[in-house]
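K.L.:
need coordinates for the below:
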Amino acid sequence: PVPRLSFTMSNIEVDENNPQVFLDMSIAGREVGRIVIELFSDQVPRTAENFRCLCTGEKGMGQNQKLLHFRGSVFHRIMPGFVCQGGDFTRGDGRGGESIYGPRFSDESFVGKASTHFPGCLSMANCGPNTQSSQFFISLGKGEQVEHLNGKHVVFGQVLQGMNIVRWMEQAGSRTGATHAAVKIVDCGQLK
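P.N.:
This is a model prediction of the structure:
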């Protein structure tokens, strides 16, 4: 079947054949809503599969003896106008995380949809080339605010619904990235 296409704020076509996942969010203990994300499995299948499985928790325990699942983890670094970073479900402070493939896996691609950062894109956080795990960020900036990320952090998805939730999350951050309220993934999973 021919995929039905629509457009997001990035003007990247939504491919209905790509998986869609959700993050149900709370801020300061108050549930604020759902973020729906398209994963670019057509462009970066290995990276998209890692995120999808970490949303569903279907892979069970990891090597760190922690459930490979984002549920209950926090966004530990939020810099207004730049990024909301989360995915460290092992330590919760940005020094941990684990992929479904083991502690780290290689950068998959920096071409096509995986090449350019824009507000609402999801990208893998890393500590250098080929050091992806479970940490990710949602870009808040555009143009020169984020262009230095291009070619260094694999873009693997985009927010389809709930950008208003992301903007509320942004308000809990600071210039240093420290959060003044807990921004937590209370539930997550796959929609399609």
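
K.L.:
what sits against the residue lying closest to residue 149 once chain neighbours are set aside?
P.N.:
Distance criterion CB to CB, 6 or more residues apart in numbering; nearest residue to residue 149, sequence neighbours excluded, is residue 117 at 4.8 Å. In this view, the C-beta of every residue, glycine as well, is placed from N, C-alpha and C. Under the criterion of CB atoms under 8 Å, 6 or more residues apart in numbering, the neighbours of residue 117 are 123, 139, 141, 142, 146, 147, 149, 150, 153, 155.

K.L.:
dump the lengthiest helix in the chain to CSV, restricted to CA.
P.N.:
Looking across the chain with DSSP state H, the single longest helix is helix 45-56. Output in CSV follows, covering the C-alpha atoms of helix 45-56 (Å, rounded to 0.1, in the frame of the first residue of the first chain):
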residue,chain,number,x,y,z
PRO,A,45,16.3,1.1,11.4
ARG,A,46,18.7,0.0,14.2
THR,A,47,18.5,3.3,16.1
ALA,A,48,14.7,3.4,15.7
GLU,A,49,14.4,-0.2,16.9
ASN,A,50,16.5,0.6,20.0
PHE,A,51,14.2,3.5,21.0
ARG,A,52,11.0,1.5,20.1
CYS,A,53,12.0,-1.4,22.4
LEU,A,54,13.0,1.0,25.2
CYS,A,55,9.5,2.4,25.0
THR,A,56,7.8,-1.0,25.2
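
K.L.:
and the helix or strand just after that helix, average pLDDT?
P.N.:
Following helix 45-56 in sequence order, the next helix or strand is strand 75-79 (DSSP states H and E). Regarding strand 75-79, the rounded mean pLDDT is 97.

K.L.:
from residue 55, how far off is residue 160?
P.N.:
14 Å (CB to CB, to the nearest Å).

K.L.:
equivalent analysis for residue 131, please.
P.N.:
Counting by CB to CB - residue 131 and residue 55 are separated by 21 Å.

K.L.:
just to revisit the earlier point, flag the least confident of the contacts of residue 117.
P.N.:
For these, the least confident entry is residue 150, with 68.

K.L.:
any weak-confidence spans in this structure?
P.N.:
Within the chain, the segments meeting pLDDT under 70 span 1-11, 143, 145, 150-151.

K.L.:
again, 50 this time
P.N.:
1-8 (pLDDT under 50).

K.L.:
which parts of it are helices?
P.N.:
45-56, 163-170.

K.L.:
most tightly packed of those helices?
P.N.:
Among the helices of the chain, ranked by average contacts under mean count of other CB atoms under 10 Å, first place goes to helix 45-56 (a mean of 22).
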